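# I need the structure of the sequence given here:
(one chain, ligands or ions: 2)
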Amino acid sequence: MPRVPRASDVIEILAERSLMIGIGGVVSLTLGGLLIRYKGQGYLTGLITVLFVFGAIGVIFAAYFALQVRKVSTHEIKCPYCEEPNVLVDTPTDDFPCVRCNRMVPIVDGKTVTVDQVRCGYCNELNYYSQKTEVLLCEKCNHEIPIAVDENGPRKTIPAAFVVVDDEALYELQLVGQGHKTEELINALQHMLALNRNQVKNMLNEMPVTVLTGITRKKAEMLKAQLSIYEGEVEFHPMEEARR
Ligand SMILES: [Zn+2]
Ligand SMILES: [Zn+2]
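Ligands and ions are numbered 1, 2, ... in the order given. Just a heads-up that it's a prediction; the model follows:
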């Protein structure tokens, strides 16, 4: 879908068109007038007529485009990051960059979606993400920031390094290590696998342990990213390869 243009861009194009055609029209009329004034002989009548016709058409079109400028409809969308009003000609159908801060304004069903704030773990820079954010890279240091997500919630997170690959194979997910956030990891796994606390604890004692099989790469990446928030070390392999 083509992006809905900014009202200011449309107005600029129309105004420019109006001006160019208007100038052409006026020049034509003036030339015609000069010819009548100074060389009003019969053999120039044809040329003079042509100049007047072109001039008149030019002026009419210039006026038409000038009127169009006033008819440009405007649809104001406030940037959710910097609050700057962005004026488009219509309801946006897709994300567009903010005039002021240049961040992509996330659009769902013609409306901006709420953005959440998160601080970069590396440099402490404030960053923003929305439900449309797939990968959040810090605006300052470019490190990837894991976004805390509920698996069934509207937000998702996929590590940047894996996004390029999109395949149909099925994967199995293995938990190979854990950090200090044992409690959080257990909670996350309980929620993720619909197991009880003891089952999850047993699982942690048996590492490396396969936690899920037959999942898509996307899902594996997503779960890996989620578990990495709780210092869970996860690996995933295509199922064919794992069987070998
Ligand atoms: Zn902005
Ligand atoms: Zn950073």
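
# Which single helix of this protein contains the most residues?
helix 7-39 (DSSP state H).

# Over that one, what's the mean pLDDT, rounded is fine.
Computed over helix 7-39, the mean pLDDT rounds to 91.

# tell me what it is packed against?
For helix 7-39, the packing partners by 3 or more C-beta pairs under 8 Å, 6 or more residues apart in numbering; DSSP states H and E come out as helix 45-71, strand 85-88. Where you see a C-beta, it was placed from the backbone N, CA and C, and this is true even at glycine.

# Please identify the most buried of those.
strand 85-88 (a mean of 18; mean count of other C-beta atoms under 10 Å).

# Quick one: list the elements packing against the helix or strand just after that one.
Next along the chain after strand 85-88, taking DSSP states H and E as the criterion, comes strand 96-97. Contact partners of strand 96-97 among helices and strands, from 3+ C-beta pairs under 8 Å, 6+ apart: strand 104-105.

# okay, now the domains of the chain?
For the chain, the structural domains run 7-71, 160-243, going by automatic domain parsing.

# closest one to Arg100 among those domains?
domain 7-71 (12.7 Å; C-beta to C-beta).

# The closest one: end-to-end distance?
By C-alpha to C-alpha, to the nearest Å, the extent of domain 7-71 from end to end equals 11 Å.

# now that domain, how far from the chain's geometric center?
Distance of domain 7-71 from the chain centroid (C-alpha atoms, centre = their mean, to the nearest Å) equals 42 Å.

# Now for the spatially most central residue of the chain: which residues touch it?
Nearest to the mean C-alpha position of the chain, by C-alpha atoms, centre = their mean, lies Asp95 at 4.0 Å. By C-beta atoms under 8 Å, 6 or more residues apart in numbering, Asp95 lies in contact with 104-107, 132.
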